[in-house]
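Peer 1: What would the 3D arrangement of this be:
(4 chains)
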There are 2 protein chains.
Amino acid sequence: MARNVTIAQVAEQAKVSKSTVSQFLNKRYEYMSESTRQRIEAAIEELNYHPNIIARSLKQKSTYTVGVIVANILHSFSTQILRAIENNFNDNGFHIIICNADDEPEKERNYIEMLLAKQVDGLIIFPTGGNLDLYEQMKQRNFPVVFMDRKIDGLEIDTVMLDNHQAAKLAVDAFVESDYNQISIITTSIIRNTSPRVERIEGYKLALEEHGLPVRPEYIRTADAEQIQGVLKELFALQEPPEAILAGNDIVLIEVLKYMKDHQLKIPKDVAVIGIDEVSFASFYSPPLTVVTQPTIEMANKATELLLAQINSKNKTARTAIHRLHPSLIKRSSC
Amino acid sequence: MARNVTIAQVAEQAKVSKSTVSQFLNKRYEYMSESTRQRIEAAIEELNYHPNIIARSLKQKSTYTVGVIVANILHSFSTQILRAIENNFNDNGFHIIICNADDEPEKERNYIEMLLAKQVDGLIIFPTGGNLDLYEQMKQRNFPVVFMDRKIDGLEIDTVMLDNHQAAKLAVDAFVESDYNQISIITTSIIRNTSPRVERIEGYKLALEEHGLPVRPEYIRTADAEQIQGVLKELFALQEPPEAILAGNDIVLIEVLKYMKDHQLKIPKDVAVIGIDEVSFASFYSPPLTVVTQPTIEMANKATELLLAQINSKNKTARTAIHRLHPSLIKRSSC
DNA sequence: CTGTTAGCGCATTCAC
DNA sequence: GTGAATGCGCTAACAG
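Peer 2: Coordinates of the predicted model:
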């Protein structure tokens, strides 16, 4: 009654050998007569037989499973990417195992090791940056890996990420165009210098300079979500509080909006706001929120494509590169 | 250099037999001398050996992997549950494979079959309701399964779901208390009568009756997300348009808020609104949104607990039941 | 066309 | 304490 039906039983029932059944399972019908084909088919049906993929994987060294390790599942960006990746891989007959490293290198290390031990065919990682030895090892073993969202310098691994400089620039440009010159940027804290945050700040600085605007260190803040209310309080206690705030991701944006609400500050009259990452409520918020979006679908597609290419080419060392996708500004009314 | 290091090579390197290495791997140190123990340890280190979990699984019939099939990953509810489940299972040394059935029974069937073939140890399913034969089969095989969010009548399978009657009642009560008597409910469409939607409508009717209010069919609407704008238009074109709207889930709520924004209707002055499911922006929206929340963490915990219990008890047929968790009203200002 | 044989990498008796 | 032998379920030559 249980799932103990094996190929041997099917063979027995159909009065053929296991290998013939195996042939059948792999659709190599040329290797058998019509009558045996039908007997096998009937036996399978009757026994309700389903091949054990684990056993097959052991032999074939391919599990049709890939692991995805996100740095922090709480970002809407991660969720969007995850959805798209799940969709892509399922279209290609792969399953995905999702792990959340929670921004902790220890967890990430653990997941990578377990996933490798589980013989996944490849890995998509939002790297914490804390396990260079492992990254290096996979690279040297030619194990299929693609990095998402963050890059690791000095490692030749396919990487899909946003053009963060441009993202920041789009926002700064929009602010300046609307005559806001005192612009602040807030990102979540930059442990291990995760590239998006660093780059967004760099892009912000570059953009300010392009506009001939001064870069004021007190306007550049990084903090964990829980501390952002405090940061905002400090910002608005400044001699010259910012006229505009660029929220580095959706979590920051939400904190900013809470603060505005709590302190009855009007957007954009009292302070203009732009967020990086689209949020579900942007279009109907009051005011509708101007936002810089990441092309999450395209990013997921690119990552899928790269990983699949690596998986299928095996040990043919293809060129690796950093693929920068472009953000776009959705102009609404918060700036 | 590759991941081809096997237990045999370790054994050779350490000058012992494979079985002794196996003992070591399973931490049965009492079966070997201190010196061999150290030799094995050194060999493993030197070869950078990692056991192949697939091979182990084949033998032990346990993959430490569970599958989760959500009906529709677009609901914030699904995402929240998924996060919590991932967290729980990883704490217990399991990995989870996530699949999105997209409300299509065909996809669900395909996933279930593949996941079983992959020898997952258990399944958490948000059932589409379209594959009763499969559900039944798993039940009979005593395969660990728990249903989430939706129940399938006539099947004794552990199920975790919301007390949907109460959820609707909480909302209706809140409306009535604020003197709104013409209350509408909108849910996404009820294909195959998925229980939450049906139950929420039932609960809504019951609550109205309790308050001695008439149940007006024209106030009860179900529609796909894309059609909701049209539904709202019809609702407000009514002789007596509703004074209050209960949004059956986050997707409906968003559509309702868009409509309000587009038509410059003020909440709650022109129409009061309550949504089922907490949304990220509820607390700082204008006005802050009153909402009925599901205890997603508790639901995920319960599901984890039930599935783990089934996995660990194997074939001891435990009692199965429907576990109803309770919603709660977060009173803010949209009603 | 079909059956025999030999592993895949590991775990598990059961002797020595 | 240690090792040889066997099998998990399937695939893949290789004969016949």
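Peer 1: which residue ranges form the helices in chain A?
Peer 2: A:7-14, A:18-25, A:34-47, A:53-60, A:76-91, A:105-117, A:132-141, A:164-177, A:195-210, A:228-237, A:250-262, A:296-313 (DSSP state H).
Peer 1: how about these in TSV, adding mean neighbour count, distance to B:T159 and mean pLDDT?
Peer 2: C-betas here are computed from N, CA, C, even on glycine. Rendered in TSV, the data for the helices of chain A read as follows (neighbours: other CB atoms under 10 Å in any protein chain shown; distance: least, CB to CB, whole Å; pLDDT from 0 to 100):
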stretch	mean neighbour count	distance to B:T159	mean pLDDT
helix A:7-14	18	34	90
helix A:18-25	18	35	90
helix A:34-47	15	30	90
helix A:53-60	17	28	93
helix A:76-91	20	24	96
helix A:105-117	19	30	96
helix A:132-141	15	40	94
helix A:164-177	23	44	98
helix A:195-210	20	41	96
helix A:228-237	17	40	98
helix A:250-262	21	33	97
helix A:296-313	19	33	96
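Peer 1: Please tabulate the ones you listed in TSV, including the columns distance to A:S328.
Peer 2: Compiled in TSV, these are given as follows (distance: least, CB to CB, whole Å):
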stretch	distance to A:S328
helix A:7-14	53
helix A:18-25	48
helix A:34-47	52
helix A:53-60	41
helix A:76-91	15
helix A:105-117	31
helix A:132-141	31
helix A:164-177	7
helix A:195-210	15
helix A:228-237	25
helix A:250-262	16
helix A:296-313	11
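Peer 1: Adding distance to DNA strand D, write those out as CSV.
Peer 2: Shown next, in CSV, are these (distance: least, CB to the nearest atom of the strand, whole Å):
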stretch, distance to DNA strand D
helix A:7-14, 3
helix A:18-25, 3
helix A:34-47, 10
helix A:53-60, 3
helix A:76-91, 20
helix A:105-117, 16
helix A:132-141, 22
helix A:164-177, 44
helix A:195-210, 41
helix A:228-237, 53
helix A:250-262, 44
helix A:296-313, 16
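Peer 1: Would you format those as a markdown table with distance to chain B included?
Peer 2: Output for the helices of chain A, formatted as a markdown table (distance: least, CB to the nearest CB, whole Å):
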| stretch | distance to chain B |
| --- | --- |
| helix A:7-14 | 13 |
| helix A:18-25 | 11 |
| helix A:34-47 | 13 |
| helix A:53-60 | 5 |
| helix A:76-91 | 6 |
| helix A:105-117 | 5 |
| helix A:132-141 | 5 |
| helix A:164-177 | 20 |
| helix A:195-210 | 20 |
| helix A:228-237 | 12 |
| helix A:250-262 | 4 |
| helix A:296-313 | 13 |
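Peer 1: out of those, nearest to A:M148?
Peer 2: For the helices of chain A, the distance to A:M148 is smallest for helix A:296-313, at 5.5 Å, taking CB to CB.
Peer 1: mind checking which of the helices of chain A is nearest B:K302?
Peer 2: Shortest distance between B:K302 and the helices of chain A, using CB to CB, is found for helix A:76-91: 22.9 Å.
Peer 1: which residues touch the closest one?
Peer 2: A:66, A:68, A:70-73, A:95-96, A:98, A:124, A:126, A:148-149, A:249-250, A:277-280, A:294, A:296-297, A:299-301, A:303-304, B:73-74, B:79, B:98-100 (CB atoms under 8 Å, 6 or more residues apart in numbering or on different chains).
Peer 1: if we go to 6 Å?
Peer 2: The list of residues contacting helix A:76-91 from outside it, by CB atoms under 6 Å, 6 or more residues apart in numbering or on different chains, reads A:V70, A:I96, A:D250, A:D277, A:T296, A:I297, A:A300, A:T304, B:I73, B:T79, B:N100.
Peer 1: Surely the second one and A:V68 touch.
Peer 2: Yes: between A:I96 and A:V68 a contact is recorded at 5.4 Å, counting by CB atoms under 6 Å.
Peer 1: which one of the two has more residues nearby?
Peer 2: Legend: neighbour count by other CB atoms under 10 Å in any protein chain shown for A:I96 and A:V68, higher for A:V68 (27 against 23).
Peer 1: anything in stretch A:139-155 sitting right up against DNA strand C?
Peer 2: No: Stretch A:139-155 lies out of reach of DNA strand C by CB under 7 Å from any atom of the strand, never closer than 13.9 Å.
Peer 1: Show me which positions of that stretch end up buried.
Peer 2: For stretch A:139-155, the neighbour count (16 or more other CB atoms under 10 Å in any protein chain shown) marks A:R141, A:F143, A:P144, A:V145, A:V146, A:F147, A:M148, A:D149, A:R150, A:K151, A:I152, A:L155 as buried.
Peer 1: so how far is A:N131 from the last one?
Peer 2: When distances are taken as CB to CB, to the nearest Å, A:L155 and A:N131 turn out to be 11 Å apart.
Peer 1: before we move on, what about the first one?
Peer 2: When distances are taken as CB to CB, A:R141 and A:N131 turn out to be 15 Å apart.
Peer 1: and what of A:A321?
Peer 2: Counting by CB to CB, the gap from A:A321 to A:N131 is 22 Å.
Peer 1: same check, this time on A:S195
Peer 2: Where A:N131 is concerned, A:S195 sits at a distance of 15 Å (CB to CB).
Peer 1: Then A:L307?
Peer 2: From A:L307 across to A:N131, the span is 19 Å (CB to CB).
Peer 1: Please apply the same query to A:Q264.
Peer 2: 46 Å.
Peer 1: which of these two has more neighbours?
Peer 2: Between A:Q264 and A:N131, A:N131 has the larger neighbour count (other CB under 10 Å), namely 22 against 7.
Peer 1: Surely that one is in contact with A:R109?
Peer 2: Yes: applying CB under 6 Å, one finds A:N131 in contact with A:R109, separated by 5.0 Å.
Peer 1: which residues does A:P268 contact?
Peer 2: Listed by CB under 6 Å, 6+ apart, the contact set of A:P268 reads A:S334, A:C335.
Peer 1: Ok, A:P295 next?
Peer 2: Going by CB under 6 Å, 6+ apart, the list of residues near A:P295 reads A:L325.
Peer 1: In terms of pLDDT, where does it sit?
Peer 2: On the pLDDT scale, A:P295 is placed at 98.
Peer 1: Repeat that for A:D270.
Peer 2: pLDDT for A:D270: 97.
Peer 1: Neighbours of it, how many?
Peer 2: Per other CB under 10 Å, the neighbour tally for A:D270 reads 13.
Peer 1: now swap in A:V271 and tell me
Peer 2: Residues within reach of A:V271, counting by other CB under 10 Å, total 25.
Peer 1: same check, this time on the one 10 residues further on
Peer 2: Around A:F281 sit 22 other residues, with neighbours defined as other CB under 10 Å.
Peer 1: Pretty sure it sits against B:F281.
Peer 2: Yes: judged on CB under 6 Å, A:F281 makes contact with B:F281 at a distance of 4.4 Å.
Peer 1: Pairing partners for the closest residue in space to A:C335 that isn't next to it in sequence in the sheet, please.
Peer 2: Spatial nearest neighbour of A:C335, chain neighbours left out: A:A272 (4.1 Å); criterion: CB to CB, 6 or more residues apart in numbering or on different chains. Note on A:A272: beta-bridge partners by DSSP bridges are A:A244.
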